[in-house]
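Asker: I'll drop the sequence and a predicted model, then ask my questions.
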Amino acid sequence: MTATASLRYQSIYQFPESNATDNQKQKSMCTIHPVANPDWYSPETGIYSSKHKPIDLPSDHFLDVVSFIFSHKHNGVSALIDSSTGSSISYQELFPLVKSMASGLHKMGVSQNDVVLLLLPNSIYFPVVFLSVLYFGAIVTTMNPLSSISEIKKQTTDCSVSLAFTVSENAKKLEALGIPVIEVPENVNFGIPKSKPVIHQEDTAAILYSSGTTGSSKGVVLTHKNFICMIELFVKFEASQYKRPSWKNVYLAVLPMFHVYGLSLFVTGLLSLGSNIIVMRKFGTNEMVQAIEKYKVTHFHLVPPMLTALTKRAKGVNGCSLQSLKQISCGAAPLSRKTIEDFVQTLPQVDFIQGYGMTESAVATRGFNTEKFRNYSSMGLLAPNMQCKVVDCETGSSLPPGCIGELWLRGPAIMKGYLNNKEATMSTIDIDGWLHTGDLVYFDQDGYLYMSDRLKDVIKYKGFQIAPADLEAVLICHPDIVDAAVTGALDEEAGEIPVAFVVREDGSVLSDKDVINYVASKVAPCKKVRKVVFTGSIPRSAAGKILRRQLRNSLNSRL
């Protein structure tokens, strides 16, 4: 099947470019090729169900995710391998090492429900540290190791961090905040624990920070059950769809392990299957290609900028490398049609899929191709045990396949809630358990999900989520800035870039470079403002809410 044919649904269902107002578009959402009601959609309830058979989840209430991972039998040999040095941890060593580190933490006074920060880059030790914390019932919160001291202070205060694992260059930042620090060791020599506390599936395992559907970053509370569901419903299920034994698969781990995408795959899920995980500390095109060739990587999960780099490199070598690749999976941000076509035409032998998920929901859909049917442009089919609705944003009514509306999700992997934020939790998860995602989507006649637009304000820069409110809080602290707002602008390489609209003090000579450098000194590199627009005022609603859509429209008119 040609790339053009395989992308047919994207061209059928996608809105044409026009100057129609938002209300006009909303009213026309059910005129885009509506289809007959299939058996996976109920017109009476408006609920979409997975086309896959339901999976029986563990019923043992006293089950933690670490014990669950290591209860699986497989033929895996090498668990984690450093891509640059070749240092490795075998499956035979992994669980004893996790228990040894857990014992050491217990002797240091780390107790059940204590929160431990992992301010770490990717390494073969990241999963060991993460799992050792969870093994004794403590809770993990993760952060980008490039975070600024103000960002670290905000998160560690919010979730009451009592201990941190980090690398030497970050130790002083944490010590300045009064947080005890452990630099990740290369060798661990703790004793094996004799006992461990009782841990329930509903106990909190991790607190990951997300901007959610709107506003500043909030702590997403994920339980042991959430992680078990991620493994059963997404990682193990996906692996079961292919004939090749999972322990023969070789995955390249470039995605950050502090993010839910990398965490669910490389730190938890794949370890239950016995797969080989090649760990890269940071992304580099040359290093990526070298690792694929050296370790015969078969599966590569990535984000759009990485896909673009991979395609360019494959074109440059005329397809003579990358022959070991069997599947590429892309997520975390939307892909352009051209990007997909370029990849499929360059590496036609590689199975290409996309997926959809949030920190609050884990992976909700996964692409699924067969020999007879290939659909590269969709976000895939609903995962087993997952349900959803597509809801009209104005009327609140449920919409059938072929109609665009807000995606609501429900299932066992949905978060417990936002940490210490009942209001935000209630506005995101309703009384019936539906998670309101803020994303506009539609289903085609085969049950495949497509992204249309986003209601939420979050900016996705190279797969990283950036909350505009976080950057606005930084900007408004500048003495020469009266008011500010941040929105995203489309960018071919990064997906989106943060753009700041700034109102200067009268007589100020503040330049766009000054603003960019100021924000850069306060935030992680991925969150930097990339463009500045000086304006006389920031458009706001009567209630004072920033009208970001007006800003985006203004920005588009300038480009």
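Answerer: Good, I have the coordinates.

Asker: Glu472 in helix, strand or coil?
Answerer: Secondary structure, DSSP: H, G, I helix; E, B strand; the rest coil: Glu472 is helix.

Asker: could you do Gly355 as well?
Answerer: Gly355 ends up strand, using three-state DSSP.

Asker: can you check Phe227 too?
Answerer: Using three-state DSSP, the structure places Phe227 in helix.

Asker: which residue is the nearest non-sequential neighbour of it?
Answerer: Distance criterion C-beta to C-beta, 6 or more residues apart in numbering; nearest residue to Phe227, sequence neighbours excluded, is Val65 at 4.1 Å. Quick note: C-beta positions are derived from backbone N, CA and C, even for glycine.

Asker: what's around that neighbour, how many residues?
Answerer: Val65 has 27 neighbouring residues, counting by other C-beta atoms under 10 Å.

Asker: got it, and Lys545?
Answerer: 10.

Asker: for it, give its distance to Pro539.
Answerer: Per C-beta to C-beta, to the nearest Å, Lys545 is found 10 Å from Pro539.

Asker: how about the strands in the stretch 201-350 of the chain?
Answerer: 204-210, 218-223, 250-253, 276-279, 299-302, 327-330 (DSSP state E, counting those that start in this stretch).

Asker: any idea how far the longest one is from the chain center?
Answerer: Going back to what we said before, that points to strand 204-210. Its chain's C-alpha centre and that of strand 204-210 lie 13 Å apart, by C-alpha atoms, centre = their mean, to the nearest Å.

Asker: now that strand: mean pLDDT?
Answerer: On average, the pLDDT along strand 204-210 is 95.

Asker: again with stretch 144-158
Answerer: In this model, stretch 144-158 has an average pLDDT of 93.

Asker: and the longest helix seen in the chain, which residues are buried?
Answerer: Identified as the longest helix of the chain according to DSSP state H is helix 91-107. For helix 91-107, burial by neighbour count (16 or more other C-beta atoms under 10 Å) applies to 91, 94-95, 97-106.

Asker: can you redo those as JSON lines with distance to Thr487?
Answerer: Conversion of the buried residues of helix 91-107 to JSON lines gives the following (distance: C-beta to C-beta, whole Å):
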{"residue": "Tyr91", "distance to Thr487": "46"}
{"residue": "Leu94", "distance to Thr487": "44"}
{"residue": "Phe95", "distance to Thr487": "47"}
{"residue": "Leu97", "distance to Thr487": "45"}
{"residue": "Val98", "distance to Thr487": "43"}
{"residue": "Lys99", "distance to Thr487": "48"}
{"residue": "Ser100", "distance to Thr487": "48"}
{"residue": "Met101", "distance to Thr487": "43"}
{"residue": "Ala102", "distance to Thr487": "44"}
{"residue": "Ser103", "distance to Thr487": "49"}
{"residue": "Gly104", "distance to Thr487": "46"}
{"residue": "Leu105", "distance to Thr487": "43"}
{"residue": "His106", "distance to Thr487": "47"}
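
Asker: ok so, going back, pLDDT of the longest helix of the chain, averaged?
Answerer: On average, the pLDDT along helix 91-107 is 94.

Asker: of all the strands of the stretch 201-350 of the chain, which one is nearest Val503?
Answerer: The closest of these to Val503 is strand 218-223. By C-beta to C-beta, the value is 27.3 Å.

Asker: what residues are up against the residue nearest the centre of the chain?
Answerer: Nearest to the geometric centre of the chain sits Tyr261, at 4.3 Å (C-alpha atoms, centre = their mean). By C-beta atoms under 8 Å, 6 or more residues apart in numbering, the residues touching Tyr261 are Leu255, His301, Val303, Gly331, Ala332, Gly357, Gly463.

Asker: skipping adjacent residues, who's closest to the first one in space?
Answerer: Translated: Leu255. Gly262 is the one closest to Leu255 (C-beta to C-beta, 6+ apart), at 3.7 Å.

Asker: would you report the backbone torsion angles of the closest residue to Gly76 other than its chain neighbours?
Answerer: Among residues not flanking Gly76 along the chain, Gly274 sits closest, at 2.4 Å (C-beta to C-beta, 6+ apart). Dihedral pair for Gly274: phi 80, psi 10, per degrees, to the nearest 10.

Asker: ok, Gly274 - contacts?
Answerer: Counting by C-beta under 8 Å, 6+ apart, Gly274 has contacts His72, His74, Asn75, Gly76, Val77, Tyr91, Ser246, Trp247.

Asker: how about a cut-off of 6 Å?
Answerer: Residues near Gly274 by C-beta atoms under 6 Å, 6 or more residues apart in numbering: His74, Asn75, Gly76, Trp247.

Asker: so which of those residues wins on neighbours?
Answerer: Neighbour counts for the contacts of Gly274 peak at Gly76, which has 24 neighbours (criterion: other C-beta under 10 Å).

Asker: any idea which helix or strand carries Thr487?
Answerer: strand 481-491 (DSSP states H and E).

Asker: give the buried residues for that strand.
Answerer: In strand 481-491, counting by 16+ other C-beta under 10 Å, buried: Ile481, Asp483, Ala484, Ala485, Val486, Thr487, Gly488, Ala489.

Asker: surely the fifth one meets Phe501?
Answerer: No - counting by C-beta atoms under 6 Å, Phe501 is not a contact partner of Val486; they are 7.3 Å apart.

Asker: hang on, the earlier thing: hmm, the residue nearest to Leu255 is touching Val254, no?
Answerer: No - Gly262 lies out of contact with Val254 (C-beta under 6 Å); the separation is 8.3 Å.

Asker: who's more crowded, these two?
Answerer: Using other C-beta under 10 Å as the criterion, Gly262 and Val254 rank with Val254 on top: 24 against 21.
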